[in-house]
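Engineer: the following block contains a protein sequence and its predicted model.
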Number of protein chains: 2
Amino acid sequence: MDEIPDVGELVPPERTLLGPGPSNVHPRVLRAMATPLVGYLDDYYVDVMDDVQALLQYVFQTDNEHTFAVSGTGTAGMETAFTNLVEPGETVLVPSNGYFGNRMGQVAERAGAELVTVDAPWGEPLDPADVRAAFERHQPTVFGFVHGETSTGVRQPAVSELADIAHEHDAYVVADTVASLGGNEFYTDEWGLDVVYTGSQKCLSAPPGVSPITFSDRAVEKVRNRDTRPRSWYLDLEGVWEYWGEERNYHHTGPISTNYALREALRLAGEEGIENVWDRHERVAGAIKAGVTALGAPLAVAEDHWLPSLNAVTVPDGVDDSTVTQRLMDEYGIEIVSGLGALEGDIFRVGCMGHSARPENALYFVTAFAEVLADEGAAVNPASGIEATRQALSE
Amino acid sequence: MDEIPDVGELVPPERTLLGPGPSNVHPRVLRAMATPLVGYLDDYYVDVMDDVQALLQYVFQTDNEHTFAVSGTGTAGMETAFTNLVEPGETVLVPSNGYFGNRMGQVAERAGAELVTVDAPWGEPLDPADVRAAFERHQPTVFGFVHGETSTGVRQPAVSELADIAHEHDAYVVADTVASLGGNEFYTDEWGLDVVYTGSQKCLSAPPGVSPITFSDRAVEKVRNRDTRPRSWYLDLEGVWEYWGEERNYHHTGPISTNYALREALRLAGEEGIENVWDRHERVAGAIKAGVTALGAPLAVAEDHWLPSLNAVTVPDGVDDSTVTQRLMDEYGIEIVSGLGALEGDIFRVGCMGHSARPENALYFVTAFAEVLADEGAAVNPASGIEATRQALSE
């Protein structure tokens, strides 16, 4: 410790980030990160917070007053949802069909929840009938589900139906949209969701460090009527709301620069129009999907629950998935990742998020992927994969 | 929510940040914030984490293996300490002589602690005899204290004596150095501390967003032998250590850009040499102290527990403190803040941290402060205040 570590200049390699996040960050957002600071109670910063809140209401498609950015990465958003909403001893229903559904359960347990699950195979969405059956059997007070499951590339359809089931049972519904918000259509209010959280570094394409969240008035009411205090001081909604709400009293120091960046990323979404942001993700991811399908490595999930922001691409026979991801990284600077849990070795996870969701990246990825697969001896057809990608992009 | 909020370009006013943090950020650190991202498991990012850990060991002056940056601001560091170290029902001793000492108690309670306090007046440090008496009376398992109390400008002297008292009682000692680490001498290992945490945005002068922390092997042992799991998943040491430790397995997404910035800020500290960083804080803060004293607004704390990074300056008679802070902000772009709690209205809190701790800022502040006080009708002597500052800086 007495010796000064010998650390050189920060010069990261350039990457095309097509993994499960972070995505590449738009130059305007990077520039916002480098903006000199003001104090966390400076009038200007309070205006920045106002802007962030208004823009978040827009991208969440909500009128919820309690809409803000948690001072931590996506899992801090998840913990904010469950720590506030759940009191010890309450029964919480979570899905078992993916890594982040499982994490919801672990986080809810730390909040003191009794855990019950609704099951579906990894790679499939929840069936509303199963959710209804789980409600009738266990009577949970809180039900969490994952809208875009990063580990499987599955988008949960029928969201409003799930919310209705929860509300018929007088329960609260929490949606994890870390990997999906901004990547395809999402309507917090119209779908009747009580708490929704996301990450800054996926489809919104700011750097990681904050976690946007929104609480319905009904959810806030539950938090206000708790008998016990939430198990986190840092993430306590009532404390945090002293700062983000009208009083603007200090609670904890916010990550000022990352909120600068979030503001700029959301501003870009506003300039493009959120519907156009959704469409761009679908169009670029659609080109990747067309390309890998023509190549002979189709998506492993069905069309009606395809998650454009995270594409589960089948690993062709005879190919070692980690050799392919390593070669893409080493030879092309492209980050994609392997499958997790039940899907380990079966899929590649190819993200298409935020500023990474650009036509040139679809073309670059499919070309590089085709070359590496062919070189590894897979029975793939590079030319038709590349052609299908071009075709899809020109439509 | 359907309307796109009308949000303009991010153009914050320029500020001289001499409040309780954040401090001004060095241009090299701002540039690091704007560096394009790599993935959170990229080989390059793992090297960045290695660098951050080595540099943190240097600034903490520790050989502790478990040294890393929590993915949240200072209070997340505090919560990481207590959530991991404390099991429900354990007795935790905290000080009552400042805002952040009180916060320690609130955070420990959320972890399930039975709280006891050791008292001292606001503006005074803890007396080791009182700490010993509290230990004998309550037998706490964990004792937290604040090394640099931002609310009062008091530095706790006799740190190793406090640690010895805790260890004689087989307890663990936690030091809050959010406002002090880097601002004057500090020796984690030599002083025998079990857990120490700080903020990125104070004397280390990176933007807020991460919270450096170090756990002794003895503290880690206590965490490993818990009967219950920590009440936070996000801040769970064993989970977090899967990522920061040798395995480098994903736990949660780290705030990559802010860790880039922390690395650069720590690298600057290494280039300057940590002893020189301490000296610079003392020299520049000493010039502020000399200036305000000559002006007729002396420090409200005694010399032997002066905290150079946060100077408690007496509000002269007949002056309204909030008028002065507002005028400094509006007319000079200088941020200083009013007293809190028991010291509200009695002191100004004048920070001197990190890249803000530069001679030009001392001179600029004392000059502006003198002008405003005189203009507000205080019986102060502007010329001698400015002269004393110049003199102190030229020594």
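Structural biologist: Thanks, I have the structure now. Keep in mind it's a predicted model, so treat the numbers as computed, not measured.
Engineer: can you give me every residue that contacts residue A:148?
Structural biologist: For residue A:148, the contacting residues are A:154-156, A:176-181, A:183, A:307, A:309-310, by Cβ atoms under 8 Å, 6 or more residues apart in numbering or on different chains. Placement of C-beta: from N, CA and C, glycine included.
Engineer: of these, which is the nearest to chain B?
Structural biologist: residue A:178 (8.9 Å; Cβ to the nearest Cβ).
Engineer: how many neighbours does the closest one have?
Structural biologist: 29 (other Cβ atoms under 10 Å in any protein chain shown).
Engineer: next: the one 5 residues further on.
Structural biologist: Here the number of neighbours of residue A:183 (other Cβ under 10 Å) works out to 30.
Engineer: equivalent analysis for the one 4 residues further on, please.
Structural biologist: If you count neighbours by other Cβ under 10 Å, residue A:187 ends up with 14.
Engineer: for the one 4 residues further on, same thing?
Structural biologist: By the other Cβ under 10 Å criterion, the neighbourhood of residue A:191 contains 21 residues.
Engineer: repeat for the one 4 residues further on
Structural biologist: Neighbourhood size, residue A:195 [other Cβ under 10 Å]: 31.
Engineer: also residue A:341?
Structural biologist: Neighbours around residue A:341, by other Cβ under 10 Å: 12.
Engineer: how far away is it from residue B:373?
Structural biologist: 65 Å (Cβ to Cβ, to the nearest Å).
Engineer: picking that back up, adding secondary structure, distance to residue A:16 and pLDDT, write the contacts of residue A:148 out as CSV.
Structural biologist: Shown next, in CSV, are the contacts of residue A:148 (DSSP: H, G, I helix; E, B strand; the rest coil; distance: Cβ to Cβ, whole Å; pLDDT from 0 to 100):
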residue, secondary structure, distance to residue A:16, pLDDT
A:154, strand, 24, 98
A:155, strand, 23, 98
A:156, coil, 28, 98
A:176, strand, 26, 98
A:177, coil, 24, 98
A:178, coil, 21, 98
A:179, coil, 18, 97
A:180, coil, 21, 98
A:181, strand, 22, 98
A:183, coil, 18, 97
A:307, coil, 20, 98
A:309, coil, 16, 98
A:310, strand, 16, 98
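Engineer: among the residues you listed, which pair sits farthest apart?
Structural biologist: A:154 and A:181 (15.6 Å; Cβ to Cβ).
Engineer: quick revisit: dump the contacts of residue A:148 to JSON lines, plus distance to residue B:219.
Structural biologist: Conversion of the contacts of residue A:148 to JSON lines gives the following (distance: Cβ to Cβ, whole Å):
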{"residue": "A:154", "distance to residue B:219": "41"}
{"residue": "A:155", "distance to residue B:219": "43"}
{"residue": "A:156", "distance to residue B:219": "41"}
{"residue": "A:176", "distance to residue B:219": "33"}
{"residue": "A:177", "distance to residue B:219": "37"}
{"residue": "A:178", "distance to residue B:219": "32"}
{"residue": "A:179", "distance to residue B:219": "35"}
{"residue": "A:180", "distance to residue B:219": "39"}
{"residue": "A:181", "distance to residue B:219": "38"}
{"residue": "A:183", "distance to residue B:219": "42"}
{"residue": "A:307", "distance to residue B:219": "42"}
{"residue": "A:309", "distance to residue B:219": "40"}
{"residue": "A:310", "distance to residue B:219": "38"}
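Engineer: make a ChimeraX selection of the buried ones in those residues.
Structural biologist: Selection of buried members from the contacts of residue A:148 for ChimeraX, criterion 16 or more other Cβ atoms under 10 Å in any protein chain shown:
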select /A:154,155,156,176,177,178,179,180,181,183,307,309,310
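Engineer: closest one to residue B:328 out of the contacts of residue A:148, please.
Structural biologist: residue A:181 (41.2 Å).
Engineer: circling back to that earlier point, quick check, nearest of the contacts of residue A:148 to residue B:101?
Structural biologist: For the contacts of residue A:148, the residue nearest residue B:101 by Cβ to Cβ is residue A:178; the value is 35.8 Å.
Engineer: that closest one against residue A:200, yeah?
Structural biologist: No: at 9.7 Å, residue A:178 does not count as touching residue A:200 under the criterion of Cβ atoms under 8 Å.
Engineer: what is in contact with the two at once?
Structural biologist: residue A:211.
Engineer: please name the residues that touch residue A:176.
Structural biologist: Contacts of residue A:176 (Cβ under 8 Å, 6+ apart): A:78, A:100, A:101, A:104, A:144, A:145, A:146, A:147, A:148, A:197.
Engineer: and if you look at residue A:115?
Structural biologist: A:91, A:92, A:94, A:105, A:108, A:109.
Engineer: let's see which of the residues you listed end up in strands.
Structural biologist: Within the contacts of residue A:115, residues falling in strands by DSSP state E are A:91, A:92, A:94.
Engineer: export the helix ranked longest in chain A as CSV, just CAs?
Structural biologist: Criterion DSSP state H: the longest helix present in chain A is helix A:274-295. Output of helix A:274-295 as CSV, limited to C-alpha atoms (Å, rounded to 0.1, in the frame of the first residue of the first chain):
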residue,chain,number,x,y,z
ILE,A,274,-40.6,7.2,-28.6
GLU,A,275,-42.6,5.3,-31.2
ASN,A,276,-39.8,5.8,-33.7
VAL,A,277,-37.3,4.6,-31.1
TRP,A,278,-39.4,1.4,-30.7
ASP,A,279,-39.6,1.1,-34.5
ARG,A,280,-35.9,1.5,-35.0
HIS,A,281,-35.1,-1.3,-32.5
GLU,A,282,-37.6,-3.6,-34.3
ARG,A,283,-36.2,-2.7,-37.7
VAL,A,284,-32.5,-3.2,-36.8
ALA,A,285,-33.2,-6.2,-34.7
GLY,A,286,-35.4,-7.5,-37.5
ALA,A,287,-32.5,-7.3,-39.9
ILE,A,288,-30.3,-9.2,-37.5
LYS,A,289,-33.0,-11.8,-37.1
ALA,A,290,-33.4,-12.1,-40.9
GLY,A,291,-29.7,-12.4,-41.3
VAL,A,292,-29.0,-15.1,-38.8
THR,A,293,-32.1,-17.0,-39.9
ALA,A,294,-30.9,-17.0,-43.5
LEU,A,295,-27.5,-17.9,-42.3
